[in-house]
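Q: Got a sequence here, can you build the structure:
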Amino acid sequence: MTEAPDSQIPVPQAAVARPRRMWFADLVLLLTAGAAFGLDQLSKYAVSNSLDLGEAWPAHSFFRLKHATNSGSAFGLFPNQTMLLIVASVFAIGFLVYFYRTHAMPRRLLRFAIGLQLGGAFGNLFDRVRDGAVVDFIDVGPWPIFNLADSSIVVGMAILIGVLVLADEGTEKEPEHPPGSGERDEPSGPDALVHG
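A: Got it, this is the predicted structure:
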C-alpha cells in the first residue's frame, strides 16, 4: 500500500499557524491605548486643579463636571478594596493582552477596541496605585459619576462585542459549499421529486 505524497494530505485548518501580530509593534493598538491613557490622566489633573473635592460646575445641571474620588470599582462597588481592585486590574490587562495575542486581529476596529480598554484600565490602575482611589468627574443626571477611563473601557467592550457578534452572524450565513468548490447541495422539496 503506497502512501499519498505530503502535498496531497489535507491539513486541518486549525493546524495552520496564523501569523501573530506583536502588540508592541501594533501602532493602532499603541496609539489608541496611549491616547486613552493620556487624555484620562490629563482630564483628571485638570479637574483636580480646577475644582475642590465635591465642587461641581455648573452647580445645578443635568450634565456637569464634579470633582469626586472613588475607592471602589465602577458605580462605587467594592469601596475601600484598593488592593483587590489593583489585582483585578492587573488580571484584566493580562487577559486583554492574552486575547489580543491568541486571536487574529486583522481589523483595525478590533485593535482600536482593545487599545481603548487597555488605556482605560491602565488609567484607573495608575490612580489606584498612586492615590488608592480614582478621580471621577463626569456627572450625568442620576448616573453614577465616572471618568474617561471608564468610558474608554465601556466603549471598547461595546465595539469588541459588536464586531465579534456581527462576525459570528456573517459566518453562520455563509453557504456550506462556497461557489466554485465543485460541490452542489442536494435538491430538496419539490425539486427533489423532479431530480430524484
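Q: which regions of this protein lie under the pLDDT threshold?
A: In the predicted model of the chain, residues 1-25, 74-78, 104-106, 169-196 satisfy pLDDT under 70.
Q: Helices of that one, residue ranges please.
A: Secondary structure of the chain (DSSP state H): helices at 27-50, 82-102, 108-131, 148-172, 190-195.
Q: Which of these has the highest mean neighbour count?
A: Between the helices of the chain, the one whose residues have the most neighbours on average, counting mean count of other C-beta atoms under 10 Å, is helix 108-131 (a mean of 21). From N, CA and C alone the C-beta is placed, and that goes for glycine too.
Q: Does that helix pack against any helices or strands, and if so which?
A: Contacting helix 108-131 under the criterion 3 or more C-beta pairs under 8 Å, 6 or more residues apart in numbering; DSSP states H and E are the following elements: helix 27-50, helix 82-102, strand 134-140, helix 148-172.
Q: run the last query once more with 10 Å
A: Contact analysis of helix 108-131 by 3 or more C-beta pairs under 10 Å, 6 or more residues apart in numbering; DSSP states H and E lists helix 27-50, strand 63-70, helix 82-102, strand 134-140, helix 148-172 as its packing neighbours.
Q: among those, which is nearest residue 111?
A: Taking C-beta to C-beta, helix 27-50 is the member of these nearest to residue 111, at 4.4 Å.
Q: now for the closest one, which elements pack on it?
A: Packing partners of helix 27-50 (3+ C-beta pairs under 10 Å, 6+ apart): strand 63-70, helix 82-102, helix 108-131, strand 134-140, helix 148-172.
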